[in-house]
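J.: Build the 3D model from these lines:
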Amino acid sequence: MVTTPTSLLVRLRSPSDQAAWERFVRLYTPVLYRWIRRQGIDSQDATDLVQDVFATTIAVLPTFEYDRNRGFGNWLCTITTNKCRDFFRRAAVRRTEMLLDHPASNPDPALAFTENEYRTQVARQALELMQAEFEPTTWRACFEMVVEGRRAQEVAARLNLSTNAVYLAKSRVLRRLRQELAGLVDD
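T.: So this is what the prediction gives:
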């Protein structure tokens, strides 16, 4: 299993940490893309906006001050919301008539982002990226207990493991998830 000795957020402060930036992009691209698409922005423009969000993040991350009350997710949401607003402002200049005819297609981007949605999407993407780090049986044991809500004894019997092995599998996967999301998702 690959371990993360420091949080990804701390590692990202170094632009030369290529592995951290690759992990960040893999983790956040689907999340940002979905947020932007929900604003009614087409797929090509959404892809461009995701890149704009990453460029801004790289530029301003060294000045980011971690605050439990605000959190990284809210900070990233603010950057994304501002990029969406900028996009709609530019589009309004080019397509004023269309925007006046279809005001519902341009909702306020800030309304689309909820803390729960952010946590769910980032955790889901992190789990998808992490799955390859674990043996299939370890992963399955954790999945059945946490996601499917099965009892440890039932999972142990199904996977031919001891009950203790099932608890250990769950603990290892969840510990790794907490490491992966340290600083990115508030407790």
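J.: Show me the protein divided up by domain.
T.: 1-125, 134-187 (automatic domain parsing).
J.: Lowest average pLDDT across those?
T.: Ranked by mean pLDDT, the domains of the chain end with domain 1-125 at the bottom, a mean of 75.
J.: Return the distance of residue 147 relative to residue 157.
T.: 18 Å (CB to CB, to the nearest Å). No exception for glycine: its C-beta is placed from N, CA and C like everyone else's.
J.: Between those two, tell me which one has more neighbours.
T.: residue 157 (13 against 9; other CB atoms under 10 Å).
J.: helix or strand for the spatially most central residue of the chain, which one?
T.: Geometric centre of the chain, nearest residue: residue 122, 2.5 Å, by CA atoms, centre = their mean. Element membership for residue 122 (DSSP states H and E) is helix 115-130.
J.: can you list contacts of that helix?
T.: Residues from elsewhere that reach helix 115-130, judged by CB atoms under 8 Å, 6 or more residues apart in numbering: 23, 26-28, 30-31, 34, 73-74, 77, 173, 176-177, 180-181, 184-185.
J.: Now the buried members of these.
T.: 23, 27-28, 31, 73, 77, 173, 176-177, 180-181, 184-185 (16 or more other CB atoms under 10 Å).
J.: circling back to that earlier point, in the helix holding residue 122, which of the residues would be classed as buried?
T.: Buried-residue list, helix 115-130, by 16+ other CB under 10 Å: 117-119, 121-122, 125-127, 130.
J.: out of the residues you listed, which one sits closest to residue 140?
T.: Nearest to residue 140, judged by CB to CB, of these is residue 127 at 13.0 Å.
J.: From residue 174, how far out is the closest one?
T.: Residue 127 is 10 Å from residue 174, by CB to CB.
J.: Equivalent analysis for residue 32, please.
T.: For residue 32, the distance to residue 174 - CB to CB - is 25 Å.
J.: the more surrounded of these two?
T.: The neighbour comparison of residue 32 against residue 174 (other CB under 10 Å) goes to residue 32, with 26 against 13.
J.: So what does that one look like in phi/psi?
T.: phi -60, psi -40 (degrees, to the nearest 10).
J.: Skip the chain neighbours and tell me the closest residue to it.
T.: residue 50 (4.7 Å; CB to CB, 6 or more residues apart in numbering).
J.: Packing partners of the helix ranked longest in the chain?
T.: If you go by DSSP state H, the chain has its longest helix at helix 71-94. Applying 3 or more CB pairs under 8 Å, 6 or more residues apart in numbering; DSSP states H and E, we find helix 71-94 packed against helix 18-37, helix 43-60, helix 96-101, helix 109-112, helix 115-130.
J.: how big is the angle separating it from helix 18-37?
T.: With axes from the mean of the first three to the mean of the last three CA atoms, to 10 degrees as the basis, helix 71-94 and helix 18-37 are set at 50 degrees to each other.
J.: Can you classify residue 39 by secondary structure?
T.: coil (DSSP: H, G, I helix; E, B strand; the rest coil).
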